[in-house]
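> Generate a structure from the sequence data that follows.
(one chain, ligands or ions: 2)
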Amino acid sequence: MDDVKQLVSLNSYRIFEDLVRGSRTGISLSGMKHRAKAGKNIQALIDITSAWELYNLDRVSKKTEDTIKLFLAAGHAIEDSFDTIEGGLWEFTCHKCSNDEYTKGGVGTGKFVSSYTVLINGSKPCRCSGNYRWNQEQREYKIKALCEEENSQFIGWESTKGYANGESRFVWVCKEGHRRIGQVNNFINTGNRCLTCAQEAGDWGYYPDRVNEADNLYLLSFKSETEAFLKVGRSFDVKERMREFLKHYEVEVITTYQNCHQKIFDTEQDIHSYLKSLNHHYTPKVEFGGSVKECFKLEALSTAEDIFYDLQLPLGFIE
Ligand SMILES: [Zn+2]
Ligand SMILES: [Zn+2]
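Ligands and ions are numbered 1, 2, ... in the order given. A predicted model of the protein is given here:
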């Protein structure tokens, strides 16, 4: 039976079509087998023929029987089923989709209307297909299910029109409370999540293929009407990086230090843990596009300046 589930090549489908025609035109079984042997996928063909015994024949009229055999030969599973409906169309029941999360969740059925042309090509009209046309209810159902698993929250669609396609955007709030805009395909298929959380987890900021490039460590001071703090971070382009911060704060460069990326990255990690161990860590009041992990209280200033001063000393220099 497992063999039957495998996709059958077009070649064996053609042989099978010959077989069905042969049976109509009265070619003997041995004659058909003889012709089948000429094909390359005899085993698959034999599998379909024997699996046919297992198909629920009671519900199939003799008229459609041959066509269904062709559908199976085209690669549909023996557990799928096919019924003719009005207008020359077919109702296809997928053995997977009839029992998937959407069917179970009541936002989809396991029955799909399709045409002969689609089915005979072995194409799926169901959610197994990459071309399946999802509706808003189903996409929302999936996004909300993922959010529930991850303790985040779906807020709503960005456009008043709601869901249109895989590129549609929606607002969601991550488990840390960061408000984000997500895109359907990126969220569901690629697994893209909160950028701010990713930065804080340290998933960002290290580039293994750029270890020898010139990189910069910076010590910045941030000031707004409501708060002031320091930030120790790294960037290949400090000015570019600062542009993001300037939207929320007055930013002053206290000092920078340049070296290769590997050295800068390692040093940055060391400084972060050192300042944190001294209880200097600070959590800003607004989400400003930078990592919270890199922010420190103003009282860390002299310690941070000392560290940067040491970094500038020539190698082997002992005070
Ligand atoms: Zn399916
Ligand atoms: Zn987050």
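
> alpha carbons only for contacts and neighbour counts from here, please
Fine.

> average pLDDT across stretch 123-133?
When pLDDT is averaged along stretch 123-133, the result is 92.

> ditto for stretch 146-161
95.

> Show me the contact partners of stretch 105-125.
By Cα atoms under 8 Å, 6 or more residues apart in numbering, the list of residues contacting stretch 105-125 from outside reads 70-71, 74-76, 88-95, 97-99, 102-103, 126, 129, 132, 137-138, 141.

> Now, of those, which are buried?
Buried members of these, scored by 16 or more other Cα atoms under 10 Å, are 70-71, 74-76, 90-95, 97-98, 102-103, 126, 138, 141.

> Cross those residues against strands and list the overlap.
Secondary structure assignment by DSSP state E places 90-93 of the buried ones among the contacts of stretch 105-125 in strands.

> Give me every residue in the stretch 101-250 of the chain lying close to ligand 2.
Proximity of the stretch 101-250 of the chain to ligand 2 (Cα under 5 Å from the ion) is limited to residues 174, 176, 178, 194, 197.

> would you list those residues in TSV and tack on secondary structure, distance to ligand 1 and neighbour count?
Conversion of those to TSV gives the following (DSSP: H, G, I helix; E, B strand; the rest coil; distance: Cα to the ion, whole Å; neighbours: other Cα atoms under 10 Å):
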residue	secondary structure	distance to ligand 1	neighbour count
C174	coil	31	19
E176	coil	36	11
H178	coil	36	15
C194	coil	31	20
C197	helix	35	18
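
> and the two most separated of the residues you listed?
Farthest-apart pair in these is E176 and C194; separation 9.2 Å (Cα to Cα).

> Could you list the low-confidence segments of the protein?
In the predicted model, the chain carries pLDDT under 70 at residues 1-63, 199-204, 314-319.

> ok now do R241, which residues does it touch?
Contact criterion Cα under 8 Å, 6+ apart gives S235 as the residues in contact with R241.

> Okay, it and ligand 1: tell me how far apart.
Here the criterion is Cα to the ion, to the nearest Å. By it, R241 lies 46 Å from ligand 1.

> Report all helices and strands that whichever strand or helix holds R180 contacts.
Under DSSP states H and E, the secondary-structure element containing R180 is strand 179-183. Counting by 3 or more Cα pairs under 8 Å, 6 or more residues apart in numbering; DSSP states H and E, the packing neighbours recorded for strand 179-183 are strand 169-173.

> Give me the number of neighbouring residues for the residue in the stretch 151-300 of the chain positioned nearest to ligand 1.
For the stretch 151-300 of the chain, the nearest residue to ligand 1 under the criterion Cα to the ion is N189, separated by 16.9 Å. Counted with other Cα atoms under 10 Å, residues neighbouring N189 total 9.

> all strands of the stretch 1-150 of the chain, in order?
Using DSSP state E, counting those that start in this stretch, the strands of the stretch 1-150 of the chain run over residues 81-84, 90-93, 111-114.

> quick one: strands adjacent to the last one?
Within its sheet, strand 111-114 is paired with strand 90-93 (antiparallel), according to DSSP bridges.

> Alpha carbons of the partner strand, as PDB, please.
What follows is strand 90-93 as a C-alpha-only set of coordinates in PDB (Å, rounded to 0.1, in the frame of the first residue of the first chain):
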ATOM      1  CA  TRP A  90     -15.500  16.400  -9.400                       C
ATOM      2  CA  GLU A  91     -15.600  16.500  -5.700                       C
ATOM      3  CA  PHE A  92     -12.200  15.400  -4.400                       C
ATOM      4  CA  THR A  93     -11.700  14.300  -0.800                       C
END
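
> hmm, it in reach of ligand 1?
No. Judged by Cα under 5 Å from the ion, strand 90-93 stays clear of ligand 1, getting no closer than 7.9 Å.

> Tell me which residues are up against that strand.
For strand 90-93, using Cα under 8 Å, 6+ apart, the contacting residues are 80-85, 110-116, 125.

> Nearest to ligand 2: which residue in the chain?
C197 (4.0 Å).

> Please name the residues that touch that residue.
By Cα under 8 Å, 6+ apart, the contact list for C197 reads E176.

> V251 too?
Counting by Cα under 8 Å, 6+ apart, V251 touches 220-223, 242, 245.

> and the chain, what are its domains?
Using automatic domain parsing, the domain parsing of the chain gives 2-120, 136-193, 208-312.

> For stretch 67-86, output the C-alpha coordinates as CSV.
Extracted C-alpha coordinates of stretch 67-86, given in CSV (Å, rounded to 0.1, in the frame of the first residue of the first chain):
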residue,chain,number,x,y,z
THR,A,67,-11.6,7.7,-14.8
ILE,A,68,-10.8,7.3,-11.2
LYS,A,69,-8.3,4.6,-12.1
LEU,A,70,-6.6,7.2,-14.3
PHE,A,71,-6.6,9.7,-11.4
LEU,A,72,-4.9,7.2,-9.1
ALA,A,73,-2.4,6.4,-11.8
ALA,A,74,-1.7,10.1,-12.1
GLY,A,75,-0.5,10.0,-8.5
HIS,A,76,-3.4,10.5,-6.2
ALA,A,77,-3.6,8.3,-3.2
ILE,A,78,-5.8,5.3,-3.0
GLU,A,79,-7.2,6.8,0.3
ASP,A,80,-8.4,9.9,-1.6
SER,A,81,-11.8,9.7,-3.1
PHE,A,82,-13.5,11.2,-6.2
ASP,A,83,-17.2,11.8,-6.9
THR,A,84,-18.8,13.3,-10.0
ILE,A,85,-20.9,16.4,-9.3
GLU,A,86,-22.9,18.8,-11.5
